[in-house]
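Student: Dropping a prediction and its sequence here:
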Amino acid sequence: MENQGILLYIGIALVVLLILWYIWTVNNLIAKRNRVKQCRSGICVALKQRNDMIPNLVAVVKSYMGHENETLLRITELRSRTFQPSQESEQIRTGAELSSLLSRLQLSVEDYPELKANEQFHRLQTSIEDMELQLQAIRRTYNAAVTDYNNFIEMFPSSIVARQQNHHQEELIDIPEAEQRNVDVSELLKRV
């Protein structure tokens with residue numbers, strides 16, 4: 001009789017521990033998912049801030065670089081696409097392409113010493129470079145949050161709760177293949 005009472009208490013304790021573990025796991029999944037959403041939103045906010053600066057930069061550069069409109073037109077087109085209602089992942093992809101075009105624009109600017117000396121251009125360029133550094137940091141933070149969330153979803157035993165609560169893996173930010181290629185320094189030096 002006494003053994004049955006002990007077994008009952010052990011059983012109740014195990015059920016209580018299992019319920020507490022389940023609640024803790026659900027709350028952890030929610031917190032990790034919300035962290036991913038927060039980081040994704042942070043990227044979108046930084047892209048918006050950078051995109052607000054781009055028209056000013058393009059206007060200053062246009063006054064000096066009349067014949068190099070291809071890069072400027074593409075920058076303007078991508079900037080306008082980021083304001084259209086679309087999924088955050090599409091905005092993030094467009095923002096990555098815009099980042100690569102801005103660096104290409106920087107190389108084109110090297111051919112215009114009078115533009116490089118322009119104070120307004122210099123301020124805008126510095127602001128956009130700062131924003132690019134912030135975007136890089138936010139992207140790294142986002143990828144870390146996604147990895148943490150995805151690990152929690154995949155690892156046993158939390159994977160059981162994640163599957164039941166309908167949690168799905170998030171995508172990491174990938175760098176397009178074109179941006180992963182090595183830079184041909186000799187080609188860059190020919191421009192100077």
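Tutor: That came in fine, so what should we check first?

Student: so where's this structure uncertain?
Tutor: Residue ranges of the chain with pLDDT under 70: 1, 58, 60-89, 97-98, 100-118, 120-121, 175-192.

Student: secondary structure class for residue 170?
Tutor: For residue 170, the assignment made with DSSP: H, G, I helix; E, B strand; the rest coil gives coil.

Student: ok, for it, nearest residue in space, not its chain neighbours?
Tutor: residue 146 (4.5 Å; CB to CB, 6 or more residues apart in numbering). Where C-beta positions appear, they are placed from N, C-alpha and C, glycine not excepted.

Student: In the host helix or strand of the one you found, which residues are buried?
Tutor: Following DSSP states H and E, one finds residue 146 within helix 119-154. In terms of neighbour count (16 or more other CB atoms under 10 Å), helix 119-154 has its buried residues at 121, 124-125, 128, 131-132, 134-135, 138-139, 142-143, 145-146, 149-150, 152-153.

Student: Kindly list the longest helix within the chain.
Tutor: Determined from DSSP state H, the single longest helix within the chain is helix 2-62.

Student: residues contacting the closest residue to residue 139 other than its chain neighbours?
Tutor: Once flanking residues are discounted, residue 139 sits nearest to residue 173: 5.2 Å by CB to CB, 6+ apart. By CB atoms under 8 Å, 6 or more residues apart in numbering, the contact list for residue 173 reads 43, 92, 96, 139, 142-143.

Student: I'd like the distance between residue 173 and residue 90.
Tutor: 12 Å (CB to CB, to the nearest Å).

Student: ok, residue 99 to residue 131 distance?
Tutor: From residue 99 over to residue 131 (counting by CB to CB), the distance is 10 Å.

Student: Then residue 12?
Tutor: From residue 12 to residue 131 the distance is 57 Å (CB to CB).

Student: again with residue 124
Tutor: The separation that residue 124 has from residue 131, given CB to CB, amounts to 10 Å.

Student: Over to residue 51?
Tutor: Going from residue 51 to residue 131 by CB to CB gives 9 Å.

Student: for residue 157, same thing?
Tutor: Distance from residue 157 to residue 131, by CB to CB: 42 Å.

Student: Lovely, talk soon.
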